[in-house]
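**Student:** I'll drop the sequence and a predicted model, then ask my questions.
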Amino acid sequence: MTAEAIDAPVTEASATKVCAIKATGLTKWFGEGEAKTTAVKDVNLETWFGEMVYIVGPSGSGKTTLLSILSGILKPNAGTVTVEGTDIWHLSGDKLADFRLNKIGFVFQDYHLFPRLTTAENVAIPLILRRKSWHDALIEAKKYLEIVGLASRADLPPVKLSGGEQQRVAIARAIAGQPDILVLDEPTASLDGDTGHAIVSFVKKNILNDKRCILIVTHDSRITELATRILKMEDGRLTGWEKGGDQ
Amino acid sequence: MRGILSLAYKLLVNDKAKFTALLVGITFAVFLMVAMTSLFAGVLNRASATVINLGANVWIMDPSVQTVANTIGMPDYVLDAARSMDGVDYAVPVYSGGALVKLADGTWQSVNVVGLDDTSLFGRPPLIQGKIEDIYGENAFIVVKDTEFPKMGNPRIGTEFELNDHRGVIVGIATVASSGLFGVPTLYTTYERALQYIPNPRFTISYVLVKRRTPGDITRIKQQARALGYLALTKDEFMDKISAFYMFQTGLGMNLLIMTVMSFIVGLSISGQTFYTFILENLEKFGALKAIGAKSRELILMILFQASFTALTGFGLGVGLCALVIYIAKLRLPDYAAVIAWWNLYLALVMVVIIAAVSSYVGVRKVLRVEPFDIFRG
């Protein structure tokens, strides 16, 4: 399937929705010479506010690499990524960091919560990086913990929480900065089926809105019904798409 | 910014095991460094005890004098010349020398005898028993009640002894600011009696003690003394000269330097290694912070703060521990010569700052190299 075919349904949607991310000609390789491996090959895509897009594919297909490029973490060798009109890979180091802080919310596969901090302190981190005082950030963090249903766990360290609860703390941390784009890497990988489904359902119901776009890398077929669109990757290329369960 | 520092603080102190190991390392290093250097400071302080206790502004001496105990007699005309120097308010002779006394129980004891100017008694110590005018009495001596006092048989007023077949009698008990280095009791008497009791070479003035009129007169006094072929030093300069002798001409300084460097290496090794492990264990978390949007300079600030906080806390604990040990040691061992001087603290602080800087540098390099993408890849 060609890149044009993948982009086609998005163009239909553009009549009513606002573009969140536009990627053109993205290519990323690692290594040099014989060791050179191309992880992402000439990828073009657009995502829109209000949609929850899955990127699916087998291991090694370049999903996480693509997600990293789109979220301003990994610089592509070629191509551009435009977020709300800004070509993010032309930003300086500090401005790119500010972009990630203000526009992107990350939920890492292993959560990467700080075990020595309380749950509320973990959620407060993006707010602290935005120069909020420790006290104000903690108060605000507790509001986000309320959103994910963990207000009563605010003072516990993450290690005292279950996997699902830790995932929700990671989500609370990701949305604490009110990002326009939420990026989740394999959000159900460490969870049992029911919990994983419940978490993604929760995100769709409570976090997704018309001013936010959610990108999820997953290979969990149990949650496909929750997606707006599903982009398929194989061998570094986008090979197709399908509508998610809510279309 | 305070929020980021609070975050760094929490990440550091909440990891109690690592934080304790870091503190123990730095505290131990500071303790060793301060203990070594304070012992040296104590030795130097005691080596200058006579200079401290007599308290003269300016000392005139033979240029070959290295320490206050190593006196070289000067002829009487030096005293007369000093009294006529511009800028001199007054000048008095002082005698300082060693002698053997025979105690009432028949034992012999080395003593240091200080002979004060008969007229002015300049440099006399404050008395805790007896009257100063009794020093003019027959065979009169004042004994200093310091850590060596018991070696005189814990004398009281009226206690007698023999010095070179002369009868000596204690007429007063005094206190002084600093005890001597060589572990012998100190007796004060008049200059003339000291010369009379102790066999002496032809020239008998150990030092001429000078009271200058104004601080600006010191340079002129030095010039005039130099013209005579003698050396005039301020109290501090004389103490520095004595310190320099012990530091550079006795091997004491080199031994101290070696011990201090070893303490520093121990501290650097323990703290550097522990801090490096701390950074390594948190490397993924720093990568996550980078991904979330923390700037490199913010991460550097966090690491610098963590290293500085640990270093300064360890410095405080190390100095406190050393002060406590010295205090306890002095209660049990009155002769224990250790003094925590400002330079001990500055030296230890500089060493600790170096430890913190090296530890931070290693941590910063590691954190700056971590790629947020590695966090994504897992």
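**Tutor:** Structure's in. What do you need?

**Student:** OK, contacts around residue A:98?
**Tutor:** B:293, B:295 (C-beta atoms under 8 Å, 6 or more residues apart in numbering or on different chains). From N, CA and C alone the C-beta is placed, and that goes for glycine too.

**Student:** can you do 7 Å?
**Tutor:** Applying C-beta atoms under 7 Å, 6 or more residues apart in numbering or on different chains to residue A:98 gives the contacts residue B:293.

**Student:** any idea how far it is from residue A:170?
**Tutor:** In this view, residue A:98 and residue A:170 are 22 Å apart by C-beta to C-beta, to the nearest Å.

**Student:** same thing with residue B:56?
**Tutor:** From residue B:56 across to residue A:170, the span is 75 Å (C-beta to C-beta).

**Student:** more neighbours: which of the two?
**Tutor:** Neighbours per residue (other C-beta atoms under 10 Å in any protein chain shown) separate residue B:56 from residue A:170, with residue A:170 holding more: 27 against 21.

**Student:** skipping its backbone neighbours, what lies nearest residue A:122 in space?
**Tutor:** Leaving aside its chain neighbours, residue A:122 sits nearest to residue A:113 (4.9 Å; criterion: C-beta to C-beta, 6 or more residues apart in numbering or on different chains).

**Student:** list phi and psi for residue 21.
**Tutor:** Because you didn't say which chain, this covers chain A. Backbone torsions for residue A:21, taken as degrees, to the nearest 10, come to phi -130, psi 130.

**Student:** any regions of chain A where pLDDT drops low?
**Tutor:** For chain A, applying pLDDT under 70 flags the ranges A:1-16, A:244-247.

**Student:** now do the residue nearest to the spatial centre of chain A against residue A:104, distance only.
**Tutor:** Nearest to the geometric centre of chain A sits residue A:183, at 0.7 Å (C-alpha atoms, centre = their mean). Note on residue A:183: its distance to residue A:104, by C-beta to C-beta, is 6 Å.

**Student:** cool, residue A:181 as well?
**Tutor:** Relative to residue A:104, and taking C-beta to C-beta, residue A:181 is found at 5 Å.

**Student:** tell me which element residue 98 falls in.
**Tutor:** Unless you meant another one, I'm taking chain A. helix A:93-103 (DSSP states H and E).

**Student:** to clarify, I was referring to chain B.
**Tutor:** Here residue B:98, judged by DSSP H and E, is contained in strand B:88-102.

**Student:** for chain B, what are the nearby residues on chain A?
**Tutor:** Contact residues (C-beta under 7 Å from any C-beta of the partner chain) of chain A with chain B: A:64, A:68, A:73-74, A:94, A:97-98, A:100-101, A:106, A:108-110, A:112, A:114, A:116-117, A:121, A:125-126, A:128-129, A:131-134, A:137, A:185.

**Student:** taking those, please make a PyMOL selection of just the buried ones.
**Tutor:** The following PyMOL line selects those of the residues of chain A next to chain B that are buried, judged by 16 or more other C-beta atoms under 10 Å in any protein chain shown:
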select buried, chain A and resi 64+68+73+74+97+98+100+101+106+108+109+112+114+116+117+121+125+126+128+129+132+134+137+185
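
**Student:** in helices only, show me the residues of chain A next to chain B.
**Tutor:** Those of those mapping onto helices are A:64, A:68, A:94, A:97-98, A:100-101, A:121, A:125-126, A:128-129, A:134, A:137, per DSSP state H.

**Student:** correct me if wrong, but residue B:125 is in a helix.
**Tutor:** No - applying DSSP: H, G, I helix; E, B strand; the rest coil, one finds residue B:125 to be coil, outside a helix.

**Student:** so who does whichever residue of chain A sits closest to chain B touch?
**Tutor:** For chain A and chain B, the shortest gap (C-beta to the nearest C-beta) falls at residue A:101, measuring 2.5 Å. Shown in contact with residue A:101 (C-beta under 7 Å, 6+ apart): A:126, A:129-130, A:177, B:292-293.

**Student:** tell me the spacing between it and residue B:107.
**Tutor:** Distance from residue A:101 to residue B:107, by C-beta to C-beta: 83 Å.

**Student:** shared neighbours, residue A:183 and residue A:104?
**Tutor:** residue A:71.

**Student:** and for residue 160, the neighbour number?
**Tutor:** If you meant another chain, say so; for now it's chain A. Neighbour count of residue A:160, defined by other C-beta under 10 Å: 13.

**Student:** looking at chain B here, not the other one
**Tutor:** Residue B:160 has 13 neighbours, counted by other C-beta under 10 Å.

**Student:** that one and chain A, how far apart?
**Tutor:** As judged by C-beta to the nearest C-beta, to the nearest Å, residue B:160 and chain A stand 73 Å apart.

**Student:** which residues touch that residue?
**Tutor:** Listed by C-beta under 7 Å, 6+ apart, the contact partners of residue B:160 are B:104, B:167-169.

**Student:** need the residues of chain B near chain A, please.
**Tutor:** Chain B comes close to chain A at residues B:2-4, B:6-7, B:10-11, B:14-15, B:284-285, B:288, B:291-295, B:372-373, B:375-378, as judged by C-beta under 7 Å from any C-beta.

**Student:** hmm, who's touching the helix or strand hosting residue A:146?
**Tutor:** For residue A:146, the host element (DSSP H and E) is helix A:134-147. Outside helix A:134-147, the residues within contact range by C-beta under 7 Å, 6+ apart are A:119-121, A:123-124, A:127-128, A:151, A:154, A:172, A:175-176, A:206, B:2-3, B:6.

**Student:** what do you get for stretch B:317-332?
**Tutor:** The contact list for stretch B:317-332 (C-beta under 7 Å, 6+ apart) reads B:23, B:26-27, B:29-31, B:34-35, B:38, B:336, B:338, B:340, B:345, B:348.

**Student:** nearest to chain A among these?
**Tutor:** Of those, the one sitting nearest to chain A (C-beta to the nearest C-beta) turns out to be residue B:23, at 16.2 Å.

**Student:** just the strands in the chain please.
**Tutor:** As the question left the chain open, I've gone with chain A. With DSSP state E as the criterion, chain A has strands at A:19-30, A:37-48, A:52-56, A:78-83, A:86-87, A:104-107, A:181-185, A:213-217, A:229-234, A:237-243.

**Student:** wait, chain B was what I had in mind.
**Tutor:** All strands of chain B, identified by DSSP E, fall at B:58-61, B:88-102, B:108-116, B:127-130, B:140-144, B:160-163, B:166-174, B:186-190, B:207-212, B:231-234.

**Student:** so for chain B, the centremost residue is which one?
**Tutor:** residue B:41 (2.5 Å).

**Student:** hang on, isn't it packed against residue B:339?
**Tutor:** Yes - using C-beta atoms under 7 Å, residue B:41 is in contact with residue B:339, at 4.6 Å.

**Student:** low-confidence ranges, chain B, go.
**Tutor:** B:376, B:378.

**Student:** in it, which residue sits nearest chain A?
**Tutor:** When scored by C-beta to the nearest C-beta, chain B has residue B:293 as its residue closest to chain A, at 2.5 Å.

**Student:** burial measure for that residue, as a count.
**Tutor:** Residue B:293: 26 surrounding residues under other C-beta under 10 Å.

**Student:** that one reaches residue A:130, doesn't it?
**Tutor:** No - taking contacts as C-beta under 7 Å, residue B:293 lies outside contact range of residue A:130: 8.3 Å.

**Student:** buried stuff in stretch B:16-32?
**Tutor:** B:18-19, B:21-23, B:25-32.

**Student:** how is chain B divided into domains?
**Tutor:** What automatic domain parsing lists as the domains of chain B is B:2-46+B:251-377, B:75-229.

**Student:** residue B:370 - how many residues pack around it?
**Tutor:** Neighbours of residue B:370 under the rule other C-beta under 10 Å: 20.
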